[in-house]
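Engineer: below are the sequence and a predicted model; questions follow.
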Amino acid sequence: GVGQIILNREVNDYDGQYELFDYGWVSIDEHGRSYIVRRDMELFPSYNEKVGKECVYLANVLPSYEVDNTVLLFWNREYKVKVYIDGKLRLDFPNENYSLFGDMPAAEFLQVKLGEADKSKLLEMYIYGASDVYLPTTYLGDYSAIKNEYIRPFFLEIILALFLIVICVVCIIISIVMEHLFCHEIILKYFCWATLTTSVWLMANSVARQFVFKNVVVTRDLAFMSISLIPIPFFIFEDKMQKGRYHKIYKFFSYYSLFVFVSTFLLHVFEISNLKESQRAIQGCIFIGVTLIVVLIIVDSVRGYVKEYFLTAVGYLIMAIFSLIHTISYIVSVDKALRSVFVEIGLMACLVISIVNMVKDVDRLQIERKNAIYANQAKDNFLARMSHEIRTPINTVLGMDEIILKETTEMPTRGYAENIREAGTTLLSIVNDL
């Protein structure tokens, strides 16, 4: 059985910083027969008396190692796992304090610290609570070395996401300042909100998130639930670009996205349904959002309105192409470290185009502001000159009228003169007000 295969095989000595521990694993099928496990081999559960449930059983012998801070580190694909070394329980994942809501594990690296007494001991792993179980990617060695080596392929993904976050925050601040200066709405801030939300989601959904965020479960939950909110700032931005022509449509689907977010959150909090079971609704929300924006841009192209925001439409096209590449990357098994990079490049291209649009808008606003200042100055100069030119003959008329009132005693003539004085005084006060 398992003991004969495991204990009789030659134990490898390990003296490097770390190694991929994918050799020598043995499992038991549903008929109780042992077999050697290979990578990418689907494993099927069978009832195990030790854990009292259906599970996938894996066994191996720990090699000899000479490195301090040695750990057994393996990638857990949302499995529930128990790990025993020499018959002693060393890891029970997830435990009762793992998550506030539900017990759905997050995909993360799990580690078992090893000591001198663990060398050449029997290692047993029980995996349950999941379908499609495969041999976990397992490393053995120095934790820091494994972490540095594993996170290196995702360095570009994390750097681009952080860069997008910083640029978006700066652009949002600049947009708000510009709005106060020009008393005009800068719609770039809505696209920056959308890009910021998407970038945070990409970081929270990264395989390397465990080495960036402390609480993997909270990060996973926020990443899942925030996906349905991503379309809303895109809807607002596109609605502003299209000058409200499809405002009611965008408003309806914004409420729909908000409904998906709230319902998913409540189902998860009250443990009615976990996030993985709600994944289709969340992904459907994204698909509807992307489809809606593309369709309405096509409608504007047919109607001849797309020329109003041609550069932005081109940016959306670039982003859609890179998003499509991202989707295809799952089908053709592209390196997972590059998948999010495609989306980030598309977002960056669209953001650059939107910033160029903002610069053009700011230039236009500056020209309009200068023209308004020149127009006000011209108006003030005209009114000042005209008030002087008009006031002089009015004063002359009023002076002559005063002479008439002093020298004449005829009542009809005095009546005419008094009317002239009243009308002239009123006209002079109007000119002075100008």
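Structural biologist: All right, it came through fine. Remember, it's a predicted structure, so these values are computed and weren't measured experimentally.
Engineer: retrieve the pLDDT associated with residue 216.
Structural biologist: What the model reports for residue 216 is a pLDDT of 76.
Engineer: repeat that for residue 319.
Structural biologist: Model confidence at residue 319, expressed as pLDDT, equals 85.
Engineer: which residues touch residue 371?
Structural biologist: For residue 371, the contact set (Cβ atoms under 8 Å, 6 or more residues apart in numbering) is empty. Any C-beta I mention is one placed from the backbone N, CA and C, and that applies to glycine too.
Engineer: the helix or strand hosting it: how far from the chain's middle?
Structural biologist: Secondary structure from DSSP states H and E places residue 371 in helix 336-407. Relative to the centre of its chain, helix 336-407 is centred 38 Å away, using Cα atoms, centre = their mean, to the nearest Å.
Engineer: can you give me the neighbour number for residue 378?
Structural biologist: 10 (other Cβ atoms under 10 Å).
Engineer: got it, and residue 29?
Structural biologist: Around residue 29 there are 13 other residues, counting by other Cβ under 10 Å.
Engineer: contacts only, for it.
Structural biologist: Each residue near residue 29 by Cβ under 8 Å, 6+ apart is listed here: 35, 44, 46.
Engineer: can you select the buried ones from those residues in PyMOL?
Structural biologist: A single PyMOL command selects the buried members of the contacts of residue 29 (16 or more other Cβ atoms under 10 Å):
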select buried, resi 46
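Engineer: save the contacts of residue 29 as CSV, and put in secondary structure, distance to residue 291 and pLDDT too.
Structural biologist: CSV is the format used below for the contacts of residue 29 (DSSP: H, G, I helix; E, B strand; the rest coil; distance: Cβ to Cβ, whole Å; pLDDT from 0 to 100):
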residue, secondary structure, distance to residue 291, pLDDT
35, strand, 47, 90
44, coil, 39, 85
46, strand, 44, 85
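Engineer: ok, back up a step: check which element follows the helix holding residue 371 along the chain.
Structural biologist: helix 411-433.
Engineer: list the buried residues in that following helix.
Structural biologist: Using 16+ other Cβ under 10 Å as the test for burial, helix 411-433 gives 417, 420-421, 424, 428, 431.
Engineer: distance from the chain centre to it, please.
Structural biologist: Distance, stretch centre to chain centre, for helix 411-433: 72 Å (Cα atoms, centre = their mean).
Engineer: now do stretch 110-120
Structural biologist: That offset, for stretch 110-120, works out to 39 Å (Cα atoms, centre = their mean).
Engineer: what mean pLDDT does that stretch have?
Structural biologist: Here stretch 110-120 scores 89 as its mean pLDDT.
Engineer: end-to-end on that stretch?
Structural biologist: 21 Å (Cα to Cα, to the nearest Å).
Engineer: could you pull out the buried residues of it?
Structural biologist: 110, 112, 114, 118-119.
Engineer: and if you look at stretch 40-60?
Structural biologist: For stretch 40-60, by 16+ other Cβ under 10 Å, it's 43, 45-46, 48, 55-60.
Engineer: so for those residues, which is the shakiest by pLDDT?
Structural biologist: For these, the weakest pLDDT value sits at residue 48, with 82.
Engineer: ok, that one to residue 60 distance?
Structural biologist: 16 Å (Cβ to Cβ, to the nearest Å).
Engineer: how about residue 297, what does it touch?
Structural biologist: Listed by Cβ under 8 Å, 6+ apart, the contact set of residue 297 reads 238, 306, 313, 316.
Engineer: re earlier: just put the contacts of residue 29 in TSV and tack on distance to residue 359.
Structural biologist: Below are the contacts of residue 29 laid out as TSV (distance: Cβ to Cβ, whole Å):
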residue	distance to residue 359
35	65
44	60
46	65
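Engineer: any idea which of the contacts of residue 29 is closest to residue 380?
Structural biologist: Taking Cβ to Cβ as the measure, residue 380 lies nearest residue 44 of these, at 87.5 Å.
Engineer: for that closest one, give me its contacts.
Structural biologist: Residue 44 is in contact with 29-30, 56, 133, counting by Cβ under 8 Å, 6+ apart.
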